[in-house]
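Enquirer: Sequence and predicted structure below; questions after.
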Amino acid sequence: MPQTPDPTEQILVTHAGSLPRTEELIAANAAREFADDGLTLIRTEEFEQRLSAAVADIVARQQAAGITVPGDGEYGKAMSQATDYGAWWSYIFQRVEGLEVTGEDIFSQPNVESSPGEIQLTSFPNRRDWVRFQQAYQDPESGIGTGNTATPFPATVGELAYTGQEQIASDIANFRAGLDAAGLETGFMTSIAPGSGARIADRHYRDEEAHLYAWAEVLREEYRAIIDAGLILQIDDPSIAENWDQITPEPSIEDYRRFTQLRVEAINYALRGLPQEQVRFHLCWGSWHGPHTTDIEFRHIVDLMLQIDAKYYSFEAANVRHEHEFTVFDDVELPEGKVILPGIVSHATNVVEHPELVAQRIIRFAERVGRENVIASTDCGLGGRIHPQIAQAKLESLAEGAQLATAQLFR
């Protein structure tokens with residue numbers, strides 16, 4: 001069986017997780033029904049067969065595009081509506097006991113204001129960027145909405161426990177079959193971070209830290225399943241950066257760093273004893289197509305990101321709000337043995353990046369942290385954000401640009 005390409009000989013290529021689903025898979029997801037709990041989607045043999053074939057196909061298409069570290073496209077993360085967005089997070093609600101749809105989900109909570117040292121997250125529609133550009137966000141013609149959600153958003157109403165053993169086993173089996181069919185050794189699979197899970201309302205623990213660590217215990221079981229299968233675990237946690245915009249009024253950097261430090265520690269608690277070489281972490285500022293004028297600067301949180309017990313770190317670096325921040329690594333030394341996965345092509349534009357621009361962006365980072373410590377990636381998931389044809393073209397351009405960068409960096 002072919003081995004994973006050697007990063008000391010070439011620039012490897014990956015992406016951030018979500019890839020566009022086929023129309024058939026979206027329709028099959030939309031046709032599924034909820035169980036009595038209002039959260040769990042009923043599984044059928046017909047759907048499982050369709051899903052397995054779709055995962056094998058997306059792995060093959062990544063290989064054809066030149067992706068050297070593929071994912072399963074997040075195809076196994078359940079969705080219920082005719083959309084290709086949202087499952088990265090909401091899928092977990094179908095795999096956890098102790099949740100209930102209360103009618104007070106995070107999208108309908110009233111605005112909450114924080115005070116110094118007392119940070120609270122406001123509701124999504126009241127985040128500062130959305131308030132500042134309220135007309136644009138409410139305009140259906142603007143194209144900057146967040147898409148439909150996969151399930152109703154629940155609250156924590158009892159002791160949390162992981163019940164997703166069957167689902168994660170199915171995800172792993174489908175992905176393994178796809179990798180084997182393509183003759184590939186391994187790939188990555190995503191799971192959310194405790195801090196993202198704990199953003200739902202807490203009606204049980206009524207203590208921020210207790211709620212976070214309860215989520216850490218729950219998610220640890222999913223993390224271990226992915227790692228034990230010989231796959232690379234990617235922890236998705238936009239909350240590390242994205243929470244900043246969900247706090248009104250804008251907090252001090254010091255208060256926000258303290259708030260975020262607890263979430264970093266919860267991730268590390270969930271990862272305790274697990275091999276760092278099989279862990280990568282994804283940070284982003286939210287993938288919706290908005291102005292993002294209130295994003296926190298990368299320089300304020302990069303050291304917090306690097307505290308996470310992972311080998312690989314994925315972050316946005318191609319969209320126009322964050323591309324300039326490659327200079328962060330002029331001042332921040334990447335710890336020995338760590339690898340960065342900067343976004344080199346963006347989900348935020350339909351324009352397909354030229355391979356030469358891709359190469360230039362890769363080289364910027366390689367010059368700062370070492371060529372063997374850079375894997376070319378996407379800013380965020382492409383699924384639900386751009387048309388499938390454009391997503392495929394972006395992956396192909398990413399791979400072609402990585403080849404150009406390889407020719408310059410390894411000659």
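Expert: All right, it came through fine.
Enquirer: okay, CA-based contacts and neighbour counts for the rest of this
Expert: OK.
Enquirer: where exactly do the helices run in the stretch 51-200 of the chain?
Expert: 87-90, 128-132, 134-138, 165-182, 194-197 (DSSP state H, counting those that start in this stretch).
Enquirer: worst average pLDDT in those helices?
Expert: Lowest mean pLDDT within those: helix 87-90, a mean of 84.
Enquirer: Does that one pack against any helices or strands, and if so which?
Expert: strand 188-192 (3 or more Cα pairs under 8 Å, 6 or more residues apart in numbering; DSSP states H and E).
Enquirer: what does the average pLDDT come to for the strand it packs on?
Expert: On average, strand 188-192 scores 98.
Enquirer: Repeat that for stretch 380-388.
Expert: Mean predicted confidence for stretch 380-388 is 93.
Enquirer: Confirm that residue 341 sits in a strand.
Expert: Yes: counting by DSSP: H, G, I helix; E, B strand; the rest coil, residue 341 is part of a strand.
Enquirer: Look up how far residue 171 lies from the nearest residue to it once chain neighbours are set aside.
Expert: Of all residues not flanking residue 341 in the chain, residue 314 sits nearest, at 4.4 Å (Cα to Cα, 6 or more residues apart in numbering). As judged by Cα to Cα, to the nearest Å, residue 314 and residue 171 stand 22 Å apart.
Enquirer: Can you name the helix or strand that residue 376 falls in?
Expert: Element membership for residue 376 (DSSP states H and E) is strand 375-378.
Enquirer: And for residue 213?
Expert: Going by DSSP H and E, residue 213 is in helix 208-228.
Enquirer: what's that helix in contact with?
Expert: 96, 159-162, 164-165, 168-169, 172, 189, 191-195, 197-198, 202, 205, 232-233, 262-263, 266-267, 269-271, 274, 278 (Cα atoms under 8 Å, 6 or more residues apart in numbering).
Enquirer: Buried members of the residues you listed into PyMOL, please.
Expert: Here is the PyMOL selection string for the buried members of the contacts of helix 208-228, based on 16 or more other Cα atoms under 10 Å:
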select buried, resi 96+160+161+162+164+168+172+189+191+192+193+194+195+197+198+202+205+232+233+262+263+266+267+269+270+271+274+278
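Enquirer: Now do the strands in this structure.
Expert: Remark: strands assigned in the chain by DSSP state E are 12-13, 96-100, 155-162, 188-192, 232-236, 279-283, 312-315, 339-345, 375-378.
Enquirer: between the third one and strand 96-100, how big is the angle?
Expert: What separates the directions of strand 155-162 and strand 96-100 is an angle of 170 degrees, with axes from the mean of the first three to the mean of the last three Cα atoms, to 10 degrees.
Enquirer: Can I get strand 155-162 in CSV? Just the C-alpha atoms.
Expert: C-alpha atoms of strand 155-162 as CSV (Å, rounded to 0.1, in the frame of the first residue of the first chain):
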residue,chain,number,x,y,z
ALA,A,155,-29.9,22.8,25.7
THR,A,156,-28.0,20.6,28.2
VAL,A,157,-30.7,19.4,30.6
GLY,A,158,-29.0,16.4,32.2
GLU,A,159,-25.7,14.5,32.6
LEU,A,160,-24.0,14.3,29.3
ALA,A,161,-22.9,11.0,27.9
TYR,A,162,-21.7,9.9,24.5
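Enquirer: now it, how far from the chain's geometric center?
Expert: Put simply, strand 155-162 sits 23 Å off its chain's centre (Cα atoms, centre = their mean, to the nearest Å).
Enquirer: go on, the fourth one?
Expert: Chain-centre distance of strand 188-192: 8 Å, with Cα atoms, centre = their mean.
Enquirer: can you count the residues close to residue 325?
Expert: 15 (other Cα atoms under 10 Å).
Enquirer: any idea how far residue 78 is from it?
Expert: Here the distance between residue 325 and residue 78 works out to 34 Å (Cα to Cα).
Enquirer: partners of the strand holding residue 376 in the sheet?
Expert: Looking at strand 375-378 with DSSP bridges, its partner strands are strand 12-13 (parallel), strand 339-345 (parallel).
Enquirer: Relative to the whole chain's centre, how far out is the first one?
Expert: Between the centre of strand 12-13 and the centre of its chain there are 18 Å (Cα atoms, centre = their mean).
Enquirer: what's the neighbour count on residue 98?
Expert: For residue 98, the neighbour count with other Cα under 10 Å is 15.
Enquirer: okay but it is in contact with residue 160, surely?
Expert: Yes: Residue 98 is within contact range of residue 160, at 4.7 Å (criterion: Cα atoms under 8 Å).
Enquirer: residue contacts, the residue nearest to the spatial centre of the chain?
Expert: Centroid-nearest residue in the chain, with Cα atoms, centre = their mean: residue 236, separated by 3.8 Å. Residue 236 makes contact with 88, 190-193, 281-283 under the criterion Cα under 8 Å, 6+ apart.
Enquirer: so where is the chain shaky, pLDDT-wise?
Expert: Across the chain, the ranges flagged by pLDDT under 70 are 1-4, 38, 79-86, 103-111, 143, 145-152.
Enquirer: if we can go back for a sec, what residues are bridge-paired with the residue nearest to residue 341?
Expert: Bridge pairing for residue 314 (DSSP bridges) gives the partners residue 282, residue 341.
Enquirer: Quote the end-to-end distance of stretch 238-256.
Expert: Stretch 238-256 end-to-end distance (Cα to Cα) = 14 Å.
Enquirer: Residues contacting the strand holding residue 376, please?
Expert: 11-16, 314, 316, 318, 339-347, 362, 398, 402.
Enquirer: Please list only the buried members of those.
Expert: 11-16, 314, 316, 318, 339-347, 362, 398, 402.
Enquirer: Let me know whether residue 294 touches residue 247 as I believe.
Expert: No: judged on Cα under 8 Å, residue 294 makes no contact with residue 247 at a distance of 10.5 Å.
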